[in-house]
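*Asks:* Would you be able to build a 3D model of this:
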Amino acid sequence: MKLRLAGLLLLIAPQATAAWIGLCDRDPQQAGVRVIDTVIQPTGQVATLVASDKNLGNCTLSELPVAKEHVRSASIMPRNAAAALAAGVILKGRDGEARLAAHEVIALKESARTPATLTPGIELIPQLQARAYGAEGRAAASVSGSRIVVECAAGQAPAGALLSSRGAALSSGAALAVQLHAYATDSFRFGAVDAAHARLGSPLALGSIAPGSSRPLLTIPPGLDTANWLHWAIACPPSDARLEISSLRLEPQAPQRAMPRRALWIWQPAAWQLHPDNLFNLLATHGADTVFITVPVTAHPMQVADPGELERFITRASALGVRIWAVAGDPRAVLPDQRAAYVDRARAYADYNRRVAAGAQLAGLQLDIEPYLNTGYAIDTEGWLSAYLDTLARVRTQAGMPLDVAIPFWWGRQPYRNGMLLDHLTPVVDVVTVMNYRTDRGQLLEFAEPFLAWAARAKRSVRIGLEAGPIADESMRIYRSSEAGELWLVPQGKNTLLLLLDEPRPGPAGESQTFAYSHTTRWRGSSISFRDNVGAMSKLLPGLETVWQAWPSFAGIALHGLDAE
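*Replies:* Numbering: from 1, shown residues only. Predicted coordinates:
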């Protein structure tokens, strides 16, 4: 009753003076216009998000029933992205922060996500569904909690169970086996079925599950088309029998190569210029033989600032078996007026390498650009990615050394031009370092998989990065659909305006959506960084490396933030 009364009072309250809100090609610099934010375009042009008392030329504005003074913050995002927010919205930010940015907006409820692949190293039973097959109805199969049960009646007709996973594929490019923990009263045959074997009407045999308690490790042969995997097949014996599987995982096969060693980022030049002993000790402590360092350059012409100092440092590192990569990057490096500086920087490093002996050369160049941190990325993602790829291609022509890019884990399935972004990286990079910044083992394994599979196909290398630097906790402000609220989503052409108001108000008519504040929860930095638990990270790393070693593309783990004070 109180909620209805509050809504009624809002509805009968005097209507606020209308505001016109949206994007302008430039800052109008007029009286009565409030600039809320600036939006950078990949061309380098800057648009302005404004609230005005009137409609303006060279602008795309919507008239809304609220005075501009009541708009605390605003942002803009594509309409297709806003559609995912229908069930509710989470705004993530630091405590007391009033500014709203599109990359901080999260859907409150997402539909059940179908895994793209069955991830090695993770328990698969919760992802599986079971169904019986065969004549005479002599087989029954079920998945209950963490257990698969197959029951067979005696008979000669083929029967058994099929275990599938909502259309997920098997990961490609890795040497894997199926690891089972099972109890059987008789022998059961276990196989895999892809599209080709389904047409033949018979599974690809992997092995048998023996009577009693057993832990069979069943190798997946190269003859299985992992991209078109359909299900596991379990065949009943002729007798009455029961099979219980308490664990089913994909596990790596023993590799035929040494485990790659780790890498570290060291951002402050003083670390290698003034305290190299400390740097080498840090590398040794964490089992690393590669380090990404900042190498200062001078301008006009651009060249390494102190080539003699760098030469001495790399010569010493080489004697210790340590490889030195330069790292550079800025979110705006992809803009036309700044791209040339990164091309010049690559040329300066190449010039340095040409002038020194092999043992004093930089091993490669890593670009840590992160264009998604620019305002405007959300409303022209493809334009920004095109500028990013163009920047990489131009740098590559001048680098004269291996090129690595540090990219976020969500780019593992990033679409681009009717394909996947990773495939467009193939011709312009040698190595990808995935900023796989999570502390949950399952997430680390899941998010790394698409990069390792891509690199195996593309014959590229992948490092998997983990975070150990300081990450602050943030608040998660929850908003739910309501007739009146502080958060409005207002369609505007191909985009959607996100408005955060100073108090709940009835939303605009039409296709707009209104959300009211519900509550606040904490988002822990410890879900991203091992900063406060480096010991746990050290214990976790060998197991992760064992799984990732199944891919020949795996080039080792990279650790970020260990140099932070």
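
*Asks:* Only the buried residues of stretch 356-373, if you could.
*Replies:* Across stretch 356-373, burial judged by 16 or more other Cβ atoms under 10 Å covers 356, 360-372. In this view, the C-beta of every residue, glycine as well, is placed from N, C-alpha and C.

*Asks:* need the next SSE after whichever helix or strand residue 432 is part of, C-terminal direction.
*Replies:* Per DSSP states H and E: residue 432 is located in strand 431-435. Going down the chain from strand 431-435, the next helix or strand is helix 441-458, by DSSP H and E.

*Asks:* ok so, going back, partners of the strand holding residue 432, with directions?
*Replies:* strand 403-408 (parallel), strand 461-467 (parallel) (DSSP bridges).

*Asks:* So which bits of the first one are buried?
*Replies:* Going by neighbour count (16+ other Cβ under 10 Å), the buried part of strand 403-408 is 403-407.

*Asks:* about what we covered before: dump the buried residues of stretch 356-373 to JSON lines, plus pLDDT.
*Replies:* Output for the buried residues of stretch 356-373, formatted as JSON lines (pLDDT from 0 to 100):
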{"residue": "356", "pLDDT": "98"}
{"residue": "360", "pLDDT": "98"}
{"residue": "361", "pLDDT": "98"}
{"residue": "362", "pLDDT": "98"}
{"residue": "363", "pLDDT": "98"}
{"residue": "364", "pLDDT": "98"}
{"residue": "365", "pLDDT": "98"}
{"residue": "366", "pLDDT": "98"}
{"residue": "367", "pLDDT": "98"}
{"residue": "368", "pLDDT": "98"}
{"residue": "369", "pLDDT": "97"}
{"residue": "370", "pLDDT": "97"}
{"residue": "371", "pLDDT": "96"}
{"residue": "372", "pLDDT": "94"}
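
*Asks:* and of the residues you listed, the nearest to residue 269?
*Replies:* For the buried residues of stretch 356-373, the closest approach to residue 269 (Cβ to Cβ) belongs to residue 362, at 14.0 Å.

*Asks:* So that closest one sits against residue 401, correct?
*Replies:* Yes - using Cβ atoms under 8 Å, residue 362 is in contact with residue 401, at 6.2 Å.

*Asks:* Mutual contacts of these two, please.
*Replies:* Contact criterion Cβ atoms under 8 Å, 6 or more residues apart in numbering; residues shared by residue 362 and residue 401: 349, 353.

*Asks:* so where do the helices sit in the stretch 401-550 of the chain?
*Replies:* For the stretch 401-550 of the chain, the helices defined by DSSP state H, counting those that start in this stretch cover 421-425, 441-458, 534-548.

*Asks:* any idea which of the ones you listed is most buried?
*Replies:* Comparing these by mean neighbour count (mean count of other Cβ atoms under 10 Å), helix 441-458 comes out on top with a mean of 21.

*Asks:* tell me the angle of it relative to helix 534-548?
*Replies:* Calculated by axes from the mean of the first three to the mean of the last three Cα atoms, to 10 degrees, helix 441-458 forms an angle of 40 degrees with helix 534-548.

*Asks:* Show residues contacting helix 441-458.
*Replies:* Residues from elsewhere that reach helix 441-458 (Cβ under 8 Å, 6+ apart): 115-117, 119-122, 171-174, 409-410, 412-413, 420, 422-423, 426, 432, 434, 436, 438, 460-462, 464, 466, 540, 543-544, 547-548, 551-554.

*Asks:* tell me the mean pLDDT over that helix?
*Replies:* Helix 441-458 carries an average pLDDT of 96.

*Asks:* what's the spacing between it and its chain's center?
*Replies:* Chain-centre distance of helix 441-458: 10 Å, with Cα atoms, centre = their mean, to the nearest Å.

*Asks:* what about dumping the CA coordinates of it to CSV?
*Replies:* This file holds the C-alpha atoms of helix 441-458, laid out as CSV (Å, rounded to 0.1, in the frame of the first residue of the first chain):
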residue,chain,number,x,y,z
ARG,A,441,39.9,-21.4,-10.5
GLY,A,442,36.9,-22.3,-12.6
GLN,A,443,36.7,-18.9,-14.1
LEU,A,444,40.4,-18.8,-14.8
LEU,A,445,40.2,-22.1,-16.7
GLU,A,446,37.0,-21.2,-18.6
PHE,A,447,38.1,-17.7,-19.7
ALA,A,448,41.5,-19.0,-20.9
GLU,A,449,40.2,-21.7,-23.1
PRO,A,450,39.1,-19.8,-26.3
PHE,A,451,42.4,-18.1,-26.5
LEU,A,452,44.4,-21.3,-26.3
ALA,A,453,42.2,-23.0,-28.8
TRP,A,454,42.4,-20.1,-31.2
ALA,A,455,46.2,-19.9,-30.9
ALA,A,456,46.6,-23.7,-31.5
ARG,A,457,44.7,-23.2,-34.8
ALA,A,458,46.5,-20.0,-35.7
